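Enquirer: Sequence and predicted structure are below.
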Number of protein chains: 4
Amino acid sequence: MNKRSGIESKKKIIDAAMAVFSTKGYAKANIREIAKAAGISVGGVYLYFRNKEELYKSLINSKMHYIGSRLEITAGSAESATEALSDFFKLHLENALKHKEFILLHIREHGFAFGVNEKRQFFRKQRTLIENIIQRGMRSGEFRKCNADHMAKMIMGSLRGIILSMALDDDVHITPKMLNEFVFNGLLTAGKRD
Amino acid sequence: MNKRSGIESKKKIIDAAMAVFSTKGYAKANIREIAKAAGISVGGVYLYFRNKEELYKSLINSKMHYIGSRLEITAGSAESATEALSDFFKLHLENALKHKEFILLHIREHGFAFGVNEKRQFFRKQRTLIENIIQRGMRSGEFRKCNADHMAKMIMGSLRGIILSMALDDDVHITPKMLNEFVFNGLLTAGKRD
Amino acid sequence: MNKRSGIESKKKIIDAAMAVFSTKGYAKANIREIAKAAGISVGGVYLYFRNKEELYKSLINSKMHYIGSRLEITAGSAESATEALSDFFKLHLENALKHKEFILLHIREHGFAFGVNEKRQFFRKQRTLIENIIQRGMRSGEFRKCNADHMAKMIMGSLRGIILSMALDDDVHITPKMLNEFVFNGLLTAGKRD
Amino acid sequence: MNKRSGIESKKKIIDAAMAVFSTKGYAKANIREIAKAAGISVGGVYLYFRNKEELYKSLINSKMHYIGSRLEITAGSAESATEALSDFFKLHLENALKHKEFILLHIREHGFAFGVNEKRQFFRKQRTLIENIIQRGMRSGEFRKCNADHMAKMIMGSLRGIILSMALDDDVHITPKMLNEFVFNGLLTAGKRD
DNA sequence: TATGAATGAGGGTTCATTCAT
DNA sequence: CATGAATGAACCCTCATTCAT
């Protein structure tokens, strides 16, 4: 019965839950293990979270807000669309490395269970960000003419997939530079492009 | 009750399991429901599969082999690298639409539970396919010089992510044409490319 | 895993549940103990009853219907109101002895938990029966003039209390004859009555 | 926080416990709620009562002694047995209205859990009181000859049941006058009595 | 082959009780 | 005296798995 500040305990639980949930997924994760990993009793978990679902949702939301806010802030301060998109990639890849386990959990349970709407919103927001950058790039002549909506969807999808690959496959590591080159230049030789 | 051939029963179970697993995920799916959906008794399932895990793995493998083989076969018959890659995309996107529920299951449980190695192998095989196409394209002068390994990883990642987006987000639908344009031409105006 | 007929198992559970519930009350009774007493596994209980509450309600209802129906049937066949009431008492006291443990449970949880309405209805029905007999008795001149509604309530209350006493206090045993004498004659000497 | 005298706190707890226990029954009542209702901390409860059981027993005993003593005192001062019994009924019915919630708790948990002996003793004492009154009445010629022990048991049982009905069924309200009439005169027309 | 009743370990959750402050 | 975070045993319920038929 070590006395800890409530905030400290809550934080410990969140960290432990993150580890366990992302390793096992929501359904297979169990409270006993989370409690143990947090160095707290089973009942202790229920002091801070009403139930398993609440704990999970709280986890997802807080992390998503944290990441989301960081991504938003940096988007505006770029000089050109190219640079903005480049920054966007850089941030996402950095985040991917930093929150690898969250990414896994996030993707794994996406579309299932709860918090679906929050997740969908998160991705949609990111997509809108990209779309805006693309339109800016087309206006400034940096980017070729294309359907910004479609392009944004593809780029966001690609980013997601690349991040997923990095999280899942140990031998995949994509740097911002590589990603830039890929997205900006495409695969064809200059002369072959339409 | 009804005498069925073993193969018939097994097939029914697999189909039912696919539906249930992809809807609920591995952990929340339960044998009772699968049996019911297959029109068979609970015990009947255990006549064909040693346990839940076995059933799941068998599912993943059979589907993965089926899809994988179809993808492999068609890869060789293209006239140019550009066409080969284009075909590859087309096939994958078609598959994605056709086996949407499998894709979801596949991604959801990827990296967790069992069958991880089989899944990894599947993706690696696909990556190698792409890598070969890229090298062929570079030799023929179709594609610009780049690190084929890196590029293959990025393309495979992108493809995965785009397929994932299509499966998860109702408002995302990417056509082969859109994907070609994106991957081949990149985002920059012709003049801006390096 | 002894194979029993479903009905046999269900009956065993009901008997065991009756014993445990009436000994401990609803809240303190636990499924493990009921299962054990029924010679069945915990999960087995849930094969026949959706949950603890369902088991309890099923118990109460079936028993109440059984007892209620027996009481109803015999009420009509009496020659006089005196005889009818006398029969009514006899039946209730017999029931009390026969279903002692149920009586305890019934009273204990009355007004609490679930099945309250069913219980209330049961008592109200009994009261109406008595009221009818009283009115018949007053019409025939057997019974003195009184408020039938009030009288029925008092008689039903008395009966309940006497049965309760018999169930709770080991040294209380009331025979139909004693009860008749009490209810019919009252306590006063003949000359003192108004 | 607020310094209170121990006695004040203890009283608050007892009142709160009475309310909660009688609403939910012993098993479902919980200390947290009692503490809250008493405006005291959880730990505070344990300063005055060793545990839940102790609190409950203390509750029952104090209330029972209080009620019991009031009933005893008034019993002696009656001029006739008829009046004594009448007073007895009046007091009990008054008590029933005044301590409705206690009655419910009392009956509900009677025969179970703890404090059984105290409860039994309480009722036995009341019964003895009635028995004495009956014998006095028979000696004075007020009451007809009967088995005083049996009669006392029946009267006590009836009283209990009537009080129970009043506590449980909203539509039952018995006045002392009604009860007197019932017990003293019985149901039969004067001429029909034996 | 096929059935489905039966098993029992294990998971989510509650709550009486303790104790550092 | 008083607090309330922490504990952990015990409860209800689920479900993969078995096996007598």
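Expert: All right, it came through fine. Model, not experiment: these values are computed from the prediction. Numbers count the residues shown, from 1 in each chain, chains lettered A, B, ... in the order given.

Enquirer: Next, count neighbours for A:Q135.
Expert: Other residues near A:Q135 come to 16 when the count uses other Cβ atoms under 10 Å in any protein chain shown. (Each C-beta comes from the backbone N, C-alpha and C, glycine too.)

Enquirer: And A:R144, by the same measure?
Expert: 21.

Enquirer: part of a helix, is A:D170?
Expert: No - using DSSP: H, G, I helix; E, B strand; the rest coil, the assignment for A:D170 is coil, not a helix.

Enquirer: Tell me the pLDDT of it.
Expert: pLDDT recorded at A:D170 is 84.

Enquirer: A:K192 too?
Expert: Here the pLDDT value assigned to A:K192 is 61.

Enquirer: Quick check on the residue in chain A that chain C sits nearest to: phi, psi?
Expert: Distances between chain A and chain C by Cβ to the nearest Cβ are smallest at A:N51, namely 18.3 Å. As for A:N51, its main-chain torsions (degrees, to the nearest 10) stand at phi -160, psi -180.

Enquirer: just the one 3 residues further on next, same as before
Expert: Here the main-chain torsion angles of A:E54 (degrees, to the nearest 10) amount to phi -60, psi -40.

Enquirer: Could you do A:I40 as well?
Expert: Note on A:I40: backbone dihedrals following degrees, to the nearest 10 are phi -140, psi 170.

Enquirer: thought it was touching A:S9?
Expert: Yes - the pair formed by A:I40 and A:S9 meets the contact definition of Cβ atoms under 8 Å, at 6.1 Å.

Enquirer: Flag the shaky bits of chain A, pLDDT-wise.
Expert: Residues of chain A that meet the criterion pLDDT under 70 lie in A:1-5, A:72-76, A:110-115, A:190-194.

Enquirer: got the domain boundaries for chain A?
Expert: Taking automatic domain parsing as the domain assignment, the record places the domains of chain A at A:1-49, A:52-192.

Enquirer: Distance to D:S140 added to these, as CSV?
Expert: Output for these, formatted as CSV (distance: least, Cβ to Cβ, whole Å):
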stretch, distance to D:S140
domain A:1-49, 66
domain A:52-192, 73
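
Enquirer: residues touching the residue nearest to A:L93 when sequence neighbours are not counted, list them.
Expert: Excluding the flanking residues, the one nearest A:L93 by Cβ to Cβ, 6 or more residues apart in numbering or on different chains is A:P176, at 5.5 Å. Taking Cβ atoms under 8 Å, 6 or more residues apart in numbering or on different chains, we find A:P176 in contact with A:S86, A:F89, A:K90, A:L93.

Enquirer: For those, which single residue is the most surrounded?
Expert: Most neighbours among the contacts of A:P176, by other Cβ under 10 Å: A:F89, with 24 neighbours.

Enquirer: Check which helices and strands the helix or strand where that residue lies is in contact with.
Expert: Applying DSSP states H and E as the criterion places A:F89 in helix A:81-98. In terms of contacts (3 or more Cβ pairs under 8 Å, 6 or more residues apart in numbering or on different chains; DSSP states H and E), helix A:81-98 is packed against helix A:52-75, helix A:116-140, helix A:148-168, helix A:176-185.

Enquirer: Flag every buried residue along the last one.
Expert: This points to helix A:176-185. Along helix A:176-185, these residues count as buried under the neighbour rule (16 or more other Cβ atoms under 10 Å in any protein chain shown): A:P176, A:M178, A:L179, A:N180, A:E181, A:F182, A:V183, A:F184, A:N185.

Enquirer: now the residue nearest the centre of chain A: how far from A:A152?
Expert: Compute the mean C-alpha point of chain A, and by Cα atoms, centre = their mean the closest residue is A:I103, 5.4 Å away. Noted for A:I103: a distance of 20 Å to A:A152, by Cβ to Cβ, to the nearest Å.

Enquirer: Then A:K36?
Expert: In this structure, A:K36 and A:A152 are 44 Å apart, going by Cβ to Cβ.

Enquirer: these two touch, right, A:L188 and B:L188?
Expert: No - counting by Cβ under 8 Å, A:L188 does not reach B:L188; the two are 11.9 Å apart.

Enquirer: mind listing what the residue lying closest to A:R32 once chain neighbours are set aside touches?
Expert: Nearest-residue entry for A:R32: A:V42, 5.8 Å, with adjacent residues in sequence omitted and distances by Cβ to Cβ, 6+ apart. Residues counted as contacts of A:V42 (Cβ under 8 Å, 6+ apart) are A:I31, A:R32, A:A35.

Enquirer: Spatially, what comes nearest to whichever residue of chain A sits closest to chain B if we skip its sequence neighbours?
Expert: In chain A, no residue comes nearer to chain B than A:G161, which is 2.0 Å away by Cβ to the nearest Cβ. Here the nearest residue to A:G161 in space, its sequence neighbours aside, is B:G161; by Cβ to Cβ, 6+ apart that works out to 2.0 Å.

Enquirer: Just to check, that neighbour is in contact with A:M166?
Expert: No - judged on Cβ under 8 Å, B:G161 makes no contact with A:M166 at a distance of 11.2 Å.

Enquirer: if you count what's nearby, which of the two comes out ahead?
Expert: Shown here are B:G161 and A:M166; by other Cβ under 10 Å, B:G161 has more neighbours (24 against 20).

Enquirer: That one: what's it in contact with?
Expert: A:G157, A:S158, A:L159, A:R160, A:G161, A:I162, A:I163, A:L164.
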